[in-house]
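Engineer: following is a predicted model, sequence given first.
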Amino acid sequence: MALDRQRIVTEAVALLDAEGLDAVTTRKLAARLGVQSPTLYWHVPNKAALVTAIADAILDQEFATTAAGGKEEEATAAGGEDEDQPWPQWLTGLAERLRRALLAHPDGARVVSSAQLSRTMAAISEQAMSTLVAQGIPLRQARVIVLTVERFTVGHVLEEQAARPDAAALKDFDLNAFTAEHPTVVAAITDYFHPGRTVDDLFRDCLDVVIAGAVVSAGDRR
């Protein structure tokens, strides 16, 4: 099979899924493709370009139509609804889809946050800001709202995908002492998750706070 950029990116995503971002090196990728590392540079000039290509591939699984263009199709692909939906609900849908795209791959949030000039992320932002502006939000404010939602989502998933404490880290951890020092923190965690809530609920509840703040801000400045 001929080596091309698409094949390289596909194999890079497979390597990411198998071993995580730290294992995605040109040496390992070249070995998987059966070529020498310098051969990759004809198609992907450096590691930064490779990471950005992986980011686009990850996002394209949820937002391919958005990146390809087309106003009506972009609205559906980005937010899951049409542009007539009120922007708070539309933007909530976009955030949920962005999180789903990131969680579909190990270190997905690290990849996207490390990308340089991701075309798909730019297309998502373009459509989101345009949707808010079309519903009467001033451009400057639309940009701040969209960036806040996007960065909250990526940051939330970064924490979700972060490595959990290993046995060595927990060896000397005293839960009783920690609880005594931070009783409200422990009580809040226990109270929140006790009814069977999951991290999905936590994301949505936090997102609701972000969106509600954006609505208040938009109402104050329009």
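Structural biologist: Thanks, I have the structure now. Numbers count the residues shown, from 1 in each chain.

Engineer: pLDDT value on the closest residue to Val186 other than its chain neighbours, please?
Structural biologist: Closest residue in space to Val186, ignoring its immediate chain neighbours: Thr179 at 4.7 Å, by Cβ to Cβ, 6 or more residues apart in numbering. Just so you know, the C-beta spots here come from the backbone N, C-alpha and C atoms, and that holds for glycine as well. The score at Thr179 is 97. That number is its pLDDT.

Engineer: and Val111, what helix or strand is that in?
Structural biologist: Val111 is part of helix 108-114 when elements are defined by DSSP states H and E.

Engineer: now that helix: mean pLDDT?
Structural biologist: Mean predicted confidence for helix 108-114 is 98.

Engineer: do a quick rundown of the helices in the protein.
Structural biologist: Per DSSP state H, the chain carries helices over the ranges 5-19, 26-33, 37-40, 47-68, 71-79, 87-103, 108-114, 119-134, 139-161, 167-170, 175-181, 183-193, 199-221.

Engineer: hey, which of the ones you listed is tucked in deepest?
Structural biologist: Of all those, helix 108-114 has the most neighbours on average by mean count of other Cβ atoms under 10 Å, namely a mean of 23.

Engineer: which elements pack onto it?
Structural biologist: Counting by 3 or more Cβ pairs under 8 Å, 6 or more residues apart in numbering; DSSP states H and E, the packing neighbours recorded for helix 108-114 are helix 47-68, helix 87-103, helix 139-161.

Engineer: let's see 10 Å
Structural biologist: Packing partners of helix 108-114 (3 or more Cβ pairs under 10 Å, 6 or more residues apart in numbering; DSSP states H and E): helix 5-19, helix 47-68, helix 87-103, helix 119-134, helix 139-161.
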